[in-house]
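Colleague: here are the coordinates; sequence isn't available:
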């Protein structure tokens, strides 16, 4: 039984983190430290200019007023200081973290902060076909995250790296399998909406919309579009030497065991 620290960027009360906690605590000890409000697209921000506050909403479930990376750090350095987690798992994010989106994501930021402190980390996201899903299948993503943990794949991560898991918003029975992938690229428009307030002063909305992935094989974007769960390693330090071959073999073995 492992001790797992969970965080996210959608907030401590989000359905995705509740599904992840419910599934992982069947087999592990789980501690949650997550933002008290939504912090999506905040990247790897840390709060250095004002104090953070913590509130324990129920045993082992903490809300933090900071950003996702703050939550990861305060979880490691304070809440779990005397009971260090074996790994950090973040999510389940409400929407994709594919391609370059990982640089904007607070869910990735929380996992990245853990990796910087030499704790194995994985970010988990549920990829919707539309902006909003009426019946999101968080249970599918939670189950696949549990498989990855059970298979010991996080322990194969080199230092200063993380796994990025993206799962299609489908029932588990309809997911075609697992793929070991590389980071793809998603095309977005550059549209900015300009409006005026009641005093005639301009204000702006970033209104760019998703235009589709780059046409490159074996990427996270392509795998999810084809109905597979994508497992992508992400190296964080340019000078480090990354060998992900063992993870690739472990993902392929897990796919064969679960989907053959």
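Modeller: That came through, no problem. Quantities reported herein were computed from a predicted structural model and do not represent experimental measurements.

Colleague: can you pull the pLDDT of the closest residue to residue 45 other than its chain neighbours?
Modeller: Nearest in space to residue 45, with sequence neighbours left out and distances taken as CB to CB, 6 or more residues apart in numbering, is residue 67 at 4.4 Å. Any C-beta I mention is one placed from the backbone N, CA and C, and that applies to glycine too. Model confidence at residue 67, expressed as pLDDT, equals 96.

Colleague: shift numbering so it begins at 8
Modeller: Shifting the count to begin at 8 puts that one at residue 74.

Colleague: Tell me who's in contact with residue 74.
Modeller: If you count contacts by CB atoms under 8 Å, 6 or more residues apart in numbering, residue 74 has them with 16, 42, 46, 49, 52-54, 113, 116.

Colleague: Just the ones of the residues you listed in strands?
Modeller: residue 42 (DSSP state E).

Colleague: Can you say which of the contacts of residue 74 are buried?
Modeller: 16, 42, 46, 49, 113, 116 (16 or more other CB atoms under 10 Å).

Colleague: Provide the backbone phi and psi angles at the first one.
Modeller: Main-chain torsions, residue 16, degrees, to the nearest 10: phi -120, psi 0.

Colleague: wait, isn't it in contact with residue 76?
Modeller: No: Residue 16 is not in contact with residue 76 according to CB atoms under 8 Å; the separation is 9.5 Å.

Colleague: Residues in contact with both of these two, list them for me.
Modeller: 113, 116-117.

Colleague: quick one on the thing from earlier: give me the distance between the residue nearest to residue 52 and residue 63.
Modeller: Separation of residue 74 from residue 63 (CB to CB, to the nearest Å): 19 Å.

Colleague: cool, and residue 26?
Modeller: 21 Å.

Colleague: what does residue 251 give?
Modeller: Taken as CB to CB, the span from residue 251 to residue 63 is 37 Å.

Colleague: and if you look at residue 119?
Modeller: 25 Å.

Colleague: More neighbours: which of these two?
Modeller: Counted by other CB atoms under 10 Å, residue 119 and residue 63 do not tie: residue 119 has more neighbours, with 27 against 12.

Colleague: Tell me which residues of the helix of greatest length in the chain come out buried.
Modeller: Ordering each helix of the chain by length in residues (DSSP state H) puts helix 252-266 first. Residues of helix 252-266 classed as buried: 254, 257-258, 261-262, 265 (neighbour count, 16+ other CB under 10 Å).

Colleague: Over to stretch 209-222?
Modeller: In stretch 209-222, the ones that count as buried by 16+ other CB under 10 Å are residue 220.

Colleague: Which stretches in this structure count as strands?
Modeller: 10-14, 36-42, 61-65, 68-71, 94-101, 128-134, 168-175, 184-187, 193-195, 199-203, 209-213, 217-220, 235-242.

Colleague: mean pLDDT for those strands: which is lowest?
Modeller: When I compare these, strand 217-220 is least confident, with a mean of 69.

Colleague: re earlier: what is the lowest-pLDDT residue among the buried ones among the contacts of residue 74?
Modeller: Least confident entry in the buried ones among the contacts of residue 74, by pLDDT: residue 49, with 87.

Colleague: still on that earlier bit, want to throw the buried residues of helix 252-266 into JSON lines with pLDDT and distance to residue 198?
Modeller: Listed next are these as JSON lines, based on pLDDT from 0 to 100; distance: CB to CB, whole Å:
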{"residue": "254", "pLDDT": "94", "distance to residue 198": "38"}
{"residue": "257", "pLDDT": "96", "distance to residue 198": "42"}
{"residue": "258", "pLDDT": "95", "distance to residue 198": "37"}
{"residue": "261", "pLDDT": "96", "distance to residue 198": "41"}
{"residue": "262", "pLDDT": "97", "distance to residue 198": "39"}
{"residue": "265", "pLDDT": "95", "distance to residue 198": "41"}
